[in-house]
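> This is a predicted model, with the sequence first.
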Amino acid sequence: MTDYQIVTSKEPLEHILKEITVIILGETGIGKTQMAATFPNPIFIDLDQGGQFVSATRVIPRNMRELETVIRDLEIKFSKSDCPYDTIVVDTVDEMVSMVKTDLLGTADKMTQDKWDRLLNRVMPMLGRLKKINSNLVICAQTKTISSDDGGPANISLAIPSSAKSRIPQMAGWIFHLRLDNDGKVVALTKPARGKAGQFQAKDRSGLLPTTIEPTYNAFVEALREAFAKQEGVEEND
């Protein structure tokens, strides 16, 4: 059972946008961190150590013990009324998975099925704890291209291994897939699409967004606001 939020015109837009979970997909260097930084008052769990180019607070855990401490500290910080942040950014979930994998491997040469199961059972609860915090949660994730066996378009999806690849997207109400348009400009896909490079994985569980938006929080909110206004106009006419 998924725990994402489904948008309806019955709820005020401000209420729906108060505590959302978003996944930003894209290849290295496409602008995932930059888009995440446009969300309200973000604090980065900078596992990728690539957030030095954005103006935002960053914490950089170097191992599992420090990551657990960061999550616990965020739970305490966001429970206080004077918390200066509104958004937690995991950048990237790939590095979180890699950190857990390193911790599980120890001196072993390779992962066993048991270790993969244990990896999932450690990654998902950590993300679940972050999701329960009274804040927005933005999860940045790398993508990889998988060629089709039947000669069809390649599939461009999450690069993380194991069943976490299918479980993590279920957390989010919106999955933005960043790509270059025909003019070489970065856009955020909001719905699954097929291009020359392959099939892009994006999701708008609200069903209200256009196919592409600018990769910013403000563009996301404005697109939802316009959709709400159109819905209200239709209801009034009815």
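Yep, that arrived. Numbering: from 1, shown residues only.

> any idea which helix or strand carries the residue lying closest to Ile71 once chain neighbours are set aside?
With sequence-adjacent residues excluded and distances taken as CB to CB, 6 or more residues apart in numbering, Ile71 is closest to Arg129, at 5.7 Å. Where C-beta positions appear, they are placed from N, C-alpha and C, glycine not excepted. Arg129 belongs to helix 113-132 when assigned by DSSP states H and E.

> Mind listing what's buried along the helix or strand just after that helix?
Once helix 113-132 ends, the next helix or strand along the chain (criterion: DSSP H and E) is strand 136-146. Buried residues in strand 136-146, counting neighbours by 16 or more other CB atoms under 10 Å, are found at Asn136, Leu137, Val138, Ile139, Cys140, Ala141, Gln142, Thr143.

> how close does the second one get to Lys32?
Right, the one you point to is Leu137. The gap separating Leu137 from Lys32 is 14 Å, by CB to CB, to the nearest Å.

> between the buried residues of strand 136-146, which is nearest Arg72?
Minimum distance to Arg72 across the buried residues of strand 136-146 is 16.1 Å, recorded for Leu137 (CB to CB).

> can you pull the contacts of that closest one?
For Leu137, the contact set (CB atoms under 8 Å, 6 or more residues apart in numbering) comprises Glu19, Ile20, Thr21, Val22, Thr87, Ile88, Val90, Leu127, Leu130, Lys131, Met171.

> Dump those residues into a markdown table; add neighbour count as well.
Shown next, in a markdown table, are the contacts of Leu137 (neighbours: other CB atoms under 10 Å):
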| residue | neighbour count |
| --- | --- |
| Glu19 | 16 |
| Ile20 | 19 |
| Thr21 | 21 |
| Val22 | 22 |
| Thr87 | 22 |
| Ile88 | 25 |
| Val90 | 25 |
| Leu127 | 20 |
| Leu130 | 22 |
| Lys131 | 17 |
| Met171 | 20 |
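
> Now render the residues you listed as CSV, adding secondary structure.
Listed next are the contacts of Leu137 as CSV, based on DSSP: H, G, I helix; E, B strand; the rest coil:
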residue, secondary structure
Glu19, coil
Ile20, coil
Thr21, strand
Val22, strand
Thr87, strand
Ile88, strand
Val90, strand
Leu127, helix
Leu130, helix
Lys131, helix
Met171, helix
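
> Going by distance to Glu75, which of those wins?
Leu130 (8.6 Å).

> Thought Val90 was touching the closest one, still the case?
Yes. Look at Leu130 against Val90 with CB atoms under 8 Å: they come within range, at 6.8 Å.

> hang on, isn't Thr190 packed against Pro210?
Yes. Under the criterion of CB under 8 Å, Thr190 makes contact with Pro210 at 6.9 Å.

> Settle it for me: which of the two has more neighbours?
Neighbours were tallied for Thr190 and for Pro210 using other CB atoms under 10 Å; the higher tally belongs to Thr190 (23 against 12).
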